[in-house]
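1. got a structure for you, letters missing:
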């Protein structure tokens, strides 16, 4: 007969065998997992090092291309805007560096820069529409027509554009009383500030978009207001280009909104105006505007190419 002690010994033996198997199995598994993790860590470290090397190479390449564009920019744009004049418009949140650089390049292209108009955030305030409408109606000259159903921003754009731009060679470079009254009225209302002599009726306009999208409540309305102004400028002169960094072509940005609107068919836009090559493209876009051609340029959504293709002929300003 098998007694209790036999059963006890058997049970203990079974548990000892299980314990030994677990220990041996876990040791083997641990070694296998450890080897796998070491290989993965080594591969990840190698990939990270290769990425760092590639990033440095790309930074050197981009830096070289930026230096190349900056040095040769004056030669690339020479005489492309000869006999023309440009007014610069700065939107709330735009970087002044890009405006300064485009202004200098426009001069290298043979154009005169009349001045700068800085749009104040107050003008884009939705609560100002009634006052803006009344001011625009009051300052409207006989040569300005408001289309049926025009919004306050449409009216303001038409009045400002008429004070800043012209297609008439006889008015180019001259400031008239009506235009001076418009700029004075908008300045006194706190809607704009000016520098230089922007009232001396230019033939072309460059509007520089904000670096970051307007994320506050009413940001979409602010974009629509600026698009109304850009459209009016384009109609009053011989062409308008809206320039901005690539962020302005992202969702909520001014250039993105422009490209999604009907204005994208008539107003050119360049979404890398913060780079030397982008500033050259801005001049090329102005030259194309003189020739009756509009386009969307850059690397952001909605761009047809980095620059006009074919590029306008050097020395022919339209």
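-> Sure, I can see it. Please read these numbers as outputs of a predicted model, since none were measured by experiment. Numbers count the residues shown, from 1 in each chain.

2. only C-alpha atoms for contact and neighbour calcs from this point on.
-> Noted.

3. where along the stretch 201-318 of the chain do the helices fall?
-> Under the criterion DSSP state H, counting those that start in this stretch, the stretch 201-318 of the chain contains helices at 219-236, 254-259, 276-290.

4. Turn those helices into a markdown table, including distance to residue 184, mean pLDDT and mean neighbour count.
-> Formatted as a markdown table, these follow (distance: least, CA to CA, whole Å; pLDDT from 0 to 100; neighbours: other CA atoms under 10 Å):
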| stretch | distance to residue 184 | mean pLDDT | mean neighbour count |
| --- | --- | --- | --- |
| helix 219-236 | 18 | 95 | 22 |
| helix 254-259 | 27 | 97 | 26 |
| helix 276-290 | 28 | 96 | 25 |
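
5. Now render those as JSON lines, adding distance to residue 168.
-> Shown next, in JSON lines, are those (distance: least, CA to CA, whole Å):
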{"stretch": "helix 219-236", "distance to residue 168": "10"}
{"stretch": "helix 254-259", "distance to residue 168": "27"}
{"stretch": "helix 276-290", "distance to residue 168": "14"}
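
6. which residues does the closest residue in space to residue 294 that isn't next to it in sequence bridge with?
-> In space, residue 294 comes closest to residue 268 once its chain neighbours are excluded; the distance is 5.0 Å by CA to CA, 6 or more residues apart in numbering. Counting by DSSP bridges, residue 268 is bridged to residue 241.

7. residues near residue 268, how many?
-> 28 (other CA atoms under 10 Å).

8. Residue 150 now?
-> Residue 150, neighbours per other CA under 10 Å, totals 12.

9. so it sits in a strand?
-> No. Read with DSSP: H, G, I helix; E, B strand; the rest coil, residue 150 is coil and lies in no strand.

10. Quick check: pLDDT value at it.
-> Looking at residue 150, its pLDDT is 94.

11. Repeat that for residue 79.
-> Predicted confidence (pLDDT) for residue 79: 93.

12. Over to the one 5 residues further on?
-> Reading off the confidence values, residue 84 has pLDDT 97.

13. where does it fall, phi/psi-wise?
-> Backbone torsions of residue 84, given as degrees, to the nearest 10, read phi -100, psi 170.

14. what residues are up against residue 91?
-> With contact set as CA atoms under 8 Å, 6 or more residues apart in numbering, residue 91 has these partners: 118, 119, 120, 207, 208, 209, 210.

15. so how many other residues sit close to the last one?
-> In this case it means residue 210. 21.

16. any low-confidence regions in the stretch 1-150 of the chain?
-> By pLDDT under 70, the low-scoring segments of the stretch 1-150 of the chain are 1-34, 37, 41, 50, 53-71.

17. With respect to residue 311, which of the helices of the stretch 201-318 of the chain lies nearest?
-> Of all the helices of the stretch 201-318 of the chain, it is helix 276-290 that lies closest to residue 311, at 7.3 Å by CA to CA.

18. which strands and helices sit next to that closest one?
-> Under the contact definition 3 or more CA pairs under 8 Å, 6 or more residues apart in numbering; DSSP states H and E, helix 276-290 sits against helix 4-77, helix 96-108, strand 240-243, strand 268-270.

19. Kindly recompute the last result at 10 Å.
-> Counting contacts by 3 or more CA pairs under 10 Å, 6 or more residues apart in numbering; DSSP states H and E, helix 276-290 packs against helix 4-77, helix 96-108, strand 204-208, strand 240-243, strand 268-270, strand 296-297.

20. and the shortest one, how far from the chain's centre?
-> Read it as strand 296-297. Remark: strand 296-297 is offset 11 Å from the chain centroid, using CA atoms, centre = their mean, to the nearest Å.

21. what mean pLDDT does it have?
-> Mean predicted lDDT for strand 296-297 stands at 97.

22. got the contact list for it?
-> Here strand 296-297 makes contact (CA atoms under 10 Å, 6 or more residues apart in numbering) with 241-243, 255, 258-259, 264-272, 278, 281-282, 285, 302-309.

23. So what does residue 118 look like in phi/psi?
-> Backbone geometry at residue 118, expressed as degrees, to the nearest 10, gives phi -100, psi 120.

24. Need the nearest residue in space to it, chain neighbours excluded.
-> Nearest non-adjacent residue to residue 118 (CA to CA, 6+ apart): residue 90, at 4.6 Å.

25. What are the phi and psi values at the one you found?
-> Dihedral pair for residue 90: phi -110, psi 120, per degrees, to the nearest 10.

26. And it, how far from residue 262?
-> Using CA to CA, to the nearest Å, residue 90 is found at 22 Å from residue 262.

27. Give me the more crowded residue out of the two.
-> Set residue 90 next to residue 262 and count neighbours by other CA under 10 Å: residue 90 wins out with 23 against 12.

28. any idea how far the more buried one lies from residue 259?
-> Counting by CA to CA, the gap from residue 90 to residue 259 is 19 Å.

29. One more: residue 103?
-> Here the distance between residue 103 and residue 259 works out to 24 Å (CA to CA).

30. go on, residue 288?
-> To residue 259, residue 288 is 18 Å away according to CA to CA.
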